[in-house]
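1. show me the folded form of this:
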Amino acid sequence: MKQTDVCVIGAGPGGYVAAIKLAQLGKKVIVVDREYVGGVCLNCGCIPSKALISAAGFYDKMQHSEEMGLSIKGATVDFKKMQTWKESVVSKLTGGVAQLLKGNGCEYLAGSAKFKSPQELEIKMMDGKTETIKATNFVIATGSRPIEIPGFAFDKQNVLSSTEALELDKLPKRLAVIGGGYIGLEIGSFYQKFGVDVTVIEATAGLLLGVADQDCVQVVARKLKKRGVKVLLNAKAVSYKKTGDSLVVKISINGAEQEIPADKILVTVGRRPNSDQLGLSEVGVKIDKRGFIEADKQLRTNIPHIFAIGDIAGQPMLAHKASKEGIICAEVISGKNSVMDVKAIPAVIFTDPEIASVGLTADEAKAKGFDISIGQFPYGANGRALTMMDSDGFIKIITDKKNNLVLGVHIVGYEASNLISEAALALEMGATAEDIASTIHPHPTLPEMMMEAAESAMGHAIHIMAKPERERRTPSAASTSSH
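-> Prediction:
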């Protein structure tokens, strides 16, 4: 039996961050993971997908650079070599995390964990041996996994989860994506840029419903259509069959059946928490009906010495939320009076163009009783965006009319992921539109649009035509500014 101050179960962005922070605060830590250091995010999620999305972006730029005077002929895709490069990126990061754990004195065990009692954990090691860990505190950070749907069980050959879709060494000719959420659109978009014929099958009436500002989504939807991605809404995937080397997906749209030809089927209808694999119910840890572990603002479960962080502790299922929770629970375990108290958590969708958001949407703000003002500034009026040939999109700022307090920011466009942090800081510090507008932003840059959108929210943007305050709702996106 091993004894320790804290046992962290799961070595993803929540678990490894918690472990390192605990070690820094003087705790003896053992980390257990059944698969790999870095979790889904580093190994088969965030990092590999963004590597392939970046590669697709470079390739796409090559195909559309003649307007700049650049004629690039003969560009080809060696997808197997690209996968090797992607894995090198993953290896650098996972190797770095392993070194950080070791350097901070954390012990790492590779194996599957299950609670024997509220104080003891049994580990089935990869070498077949069994180890028991007794700890003063436990941190559960075991994440989530893709959801399967009837008739489309993952077989890693025909029907793929996001994990397998990021590991193909050969481009399929046709890809059917079941689910129009952020994972399906991200993966489907980068495959389309490599010439794959992509069809998105979405059961609801729209893409990214309840996930992103719908004005932003419309920009992405138009780009998908322009690029030839077929999007089928109100479409239910019923079954599939294999005919020779091809697949045929049967779908139902308003009762009418259609058949979609494909070479691979990607199912991305959401993720479910891995709370059913640890023996939690047997030791009394409370789990809600969706499978999430119930935890308070200090990340404690109903058993005070057991904590839960990351995907398994509830929405939003985001790596940076898990990391923040890891730091908070480490501080709580170490005797600090810390709580998970954030005003808003930013989110990014790496479609083309990207969508990034933080805080309330206009509808959410109205539902909460705010009298709102909306400021919007288009990429097409920004000099830097034009010089990069990426002028689709806008920045939208939602404020409280009473005091100009920033309630939410929504961005669709190039580098939205790198623009949203300023907005997150603004919400966290309780900034007003005037605070953002009064801050001098360097020119020519994309962040100038944040300043201009804030000006727009107050009714006096410089580089777009805005209606007078008495008429204003949102400013016109039309502009011939050279700014």
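2. hmm, Y191 is touching V200, no?
-> No. With contact defined as Cβ atoms under 8 Å, Y191 does not reach V200; the gap is 11.2 Å. C-betas here are computed from N, CA, C, even on glycine.
3. where do the helices sit along the stretch 301-450 of the chain?
-> 319-333, 362-367, 383-387, 416-428, 433-438, 448-457 (DSSP state H, counting those that start in this stretch).
4. count of residues packed around F79?
-> Using other Cβ atoms under 10 Å, F79 is surrounded by 15 other residues.
5. picking that back up, need the winner for burial among the helices of the stretch 301-450 of the chain.
-> Most buried of the helices of the stretch 301-450 of the chain by mean neighbour count (mean count of other Cβ atoms under 10 Å) is helix 448-457; its value is a mean of 27.
6. figure out how far that helix is from the centre of its chain.
-> Centroid displacement of helix 448-457 relative to its chain, using Cα atoms, centre = their mean, to the nearest Å, is 26 Å.
7. equivalent analysis for stretch 288-305, please.
-> Using Cα atoms, centre = their mean, the offset of stretch 288-305 from its chain centre is 23 Å.
8. again, but for stretch 140-155
-> The mean C-alpha position of stretch 140-155 is separated from the chain mean by 17 Å, Cα atoms, centre = their mean.
9. only alpha carbons, please: show it as CSV.
-> Taking Å, rounded to 0.1, in the frame of the first residue of the first chain, the C-alpha atoms of stretch 140-155 are listed here in CSV:
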residue,chain,number,x,y,z
ILE,A,140,-11.2,13.2,-9.4
ALA,A,141,-10.2,14.6,-12.8
THR,A,142,-11.1,11.7,-15.1
GLY,A,143,-12.7,13.8,-17.9
SER,A,144,-15.2,12.7,-20.5
ARG,A,145,-15.6,10.5,-23.6
PRO,A,146,-17.5,10.8,-26.9
ILE,A,147,-21.2,9.8,-26.9
GLU,A,148,-22.3,6.9,-29.1
ILE,A,149,-25.7,6.9,-30.8
PRO,A,150,-27.8,3.9,-31.8
GLY,A,151,-26.8,2.3,-35.0
PHE,A,152,-23.4,4.0,-35.1
ALA,A,153,-21.2,2.3,-32.6
PHE,A,154,-17.6,3.4,-32.9
ASP,A,155,-15.6,0.7,-34.7
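10. ok so, going back, and the helices of the stretch 301-450 of the chain as JSON lines, adding mean pLDDT?
-> Below are those laid out as JSON lines (pLDDT from 0 to 100):
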{"stretch": "helix 319-333", "mean pLDDT": "98"}
{"stretch": "helix 362-367", "mean pLDDT": "96"}
{"stretch": "helix 383-387", "mean pLDDT": "96"}
{"stretch": "helix 416-428", "mean pLDDT": "98"}
{"stretch": "helix 433-438", "mean pLDDT": "97"}
{"stretch": "helix 448-457", "mean pLDDT": "96"}
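11. residues making contact with stretch 300-315?
-> With contacts defined as Cβ atoms under 8 Å, 6 or more residues apart in numbering, stretch 300-315 is touched by 10, 12-15, 18, 118-119, 136-144, 271, 273-275, 283-286, 292-295, 298-299, 317, 321-322, 325-326, 329, 332-333.
12. all strands of the stretch 1-150 of the chain, in order?
-> Using DSSP state E, counting those that start in this stretch, the strands of the stretch 1-150 of the chain run over 2-9, 29-33, 107-117, 120-125, 130-140, 144-146.
13. actually the stretch 251-400 of the chain, sorry about that
-> Under DSSP E, counting those that start in this stretch, the stretch 251-400 of the chain gives strands at 256-262, 264-267, 271-273, 306-308, 347-349, 354-359, 372-378, 394-400.
14. give me the low-pLDDT residue ranges for this protein?
-> Within the chain, the segments meeting pLDDT under 70 span 466-483.
15. any idea how it splits into domains?
-> 2-145+272-333, 159-269, 347-457 (automatic domain parsing).
16. circling back: let me know which of the strands of the stretch 251-400 of the chain is tucked in deepest.
-> Most buried of the strands of the stretch 251-400 of the chain by mean neighbour count (mean count of other Cβ under 10 Å) is strand 306-308; its value is a mean of 28.
17. and the gap between K241 and A153?
-> Using Cβ to Cβ, to the nearest Å, we find K241 at a distance of 14 Å from A153.
18. no wait, S117
-> 35 Å.
19. what of I265?
-> Taking Cβ to Cβ, one finds I265 at 11 Å from A153.
20. identify the contacts common to the two.
-> With Cβ under 8 Å, 6+ apart as the test, I265 and A153 both reach V159.
21. which non-adjacent residue is nearest I309?
-> In space, and not counting its chain neighbours, I309 is closest to E325: 3.9 Å by Cβ to Cβ, 6 or more residues apart in numbering.
22. do I have it right that that neighbour meets G12?
-> No. Using Cβ under 8 Å, E325 is not in contact with G12, being 11.5 Å away.
23. grab the nearest non-local neighbour of A203.
-> K236 (5.3 Å).
24. how about the contacts made by L185?
-> Each residue near L185 by Cβ under 8 Å, 6+ apart is listed here: V177, V200, L207, L208, V220, L224, I349, T351.
25. quick one: the fourth one from A416, how far?
-> So that's L208. L208 sits 14 Å away from A416, going by Cβ to Cβ.
26. also the first one?
-> If you measure V177 against A416 using Cβ to Cβ, the figure is 22 Å.
27. do the last one as well
-> Between T351 and A416 the distance, using Cβ to Cβ, works out to 10 Å.
28. tell me which residues are up against stretch 90-110.
-> By Cβ under 8 Å, 6+ apart, stretch 90-110 touches 2, 4, 11, 16, 19-20, 23-24, 28-34, 36-38, 42-43, 47-48, 51, 123, 125-126, 131, 133.
29. mind listing what's buried in that stretch?
-> For stretch 90-110, the neighbour count (16 or more other Cβ atoms under 10 Å) marks V90, L93, T94, V97, A98, L100, L101, C106, E107, Y108, L109, A110 as buried.
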